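Novice: Model the structure of this input:
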Amino acid sequence: MDEVSEAVRVDGGIVVGHDGSTCAQEALQWAGRLAARAGLDLHVVRGWSMTTAPRPASWEHGYVPPLADWETAVRDELTAHVAAAGLDPAVRVTPHVVHRSPVPALLGAAEGADLLVVGARGRGGFAGLLLGSVGDQLVHHAPCPVTVVRSGHGGHAFAAEAPR
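Specialist: Below is the predicted model:
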């Protein structure tokens, strides 16, 4: 891996933003249930920088590893979050890590998406806000519909069959 990814393009499906937070994990599970029911691909996207990435295995005091090592660490962490979500195995899930801040990374991915899903509150900001700054920007600027999943308010699970 010589170059890190600075953009992701999808061709349909659901894009869900994931920053490693509990809210993001709940949004991933919600989007996974919808993807299973609708037969859509699920693209899990994390925008990252060296300040938001987990330390790569090659990190040592006084040594800054190459960006590719940081990207691998981010991808490994994201893949672990996807595995922990317990998604339906029939859902086609692709994790994407993008070396950009979250808003441009998700807006770029959303250009080809049917739906963008994010958690209401992520890793930063002020606890009293109902919607974080990333969610606010995405709701106002996304090129596709956006669903914001509030932590602890994921709604009802999708029923296997429609009520009679």
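
Novice: helix/strand/coil for V117?
Specialist: Following DSSP: H, G, I helix; E, B strand; the rest coil, the label given to V117 is strand.

Novice: correct me, but it touches C23?
Specialist: No. The pair V117 / C23 is not scored as a contact, 11.1 Å apart, by Cβ atoms under 8 Å. (Glycine included, C-beta is placed from N, CA and C.)

Novice: what is in contact with these two at once?
Specialist: Jointly contacting V117 and C23 under the rule Cβ atoms under 8 Å, 6 or more residues apart in numbering are V149.

Novice: my guess is L107 meets H140, correct?
Specialist: No. Counting by Cβ under 8 Å, L107 stays clear of H140, with 10.5 Å between them.

Novice: follow-up on the earlier one: name the residue in V117 and C23 with the higher neighbour count.
Specialist: V117 (27 against 24; other Cβ atoms under 10 Å).

Novice: Going by neighbour count, list what's buried in the helix or strand of the chain at the bottom of the mean pLDDT ranking.
Specialist: Across the helices and strands of the chain, mean pLDDT, DSSP states H and E gives its lowest value to helix 133-141, namely a mean of 87. Across helix 133-141, burial judged by 16 or more other Cβ atoms under 10 Å covers 134-135, 137-138.

Novice: Thank you, goodbye.
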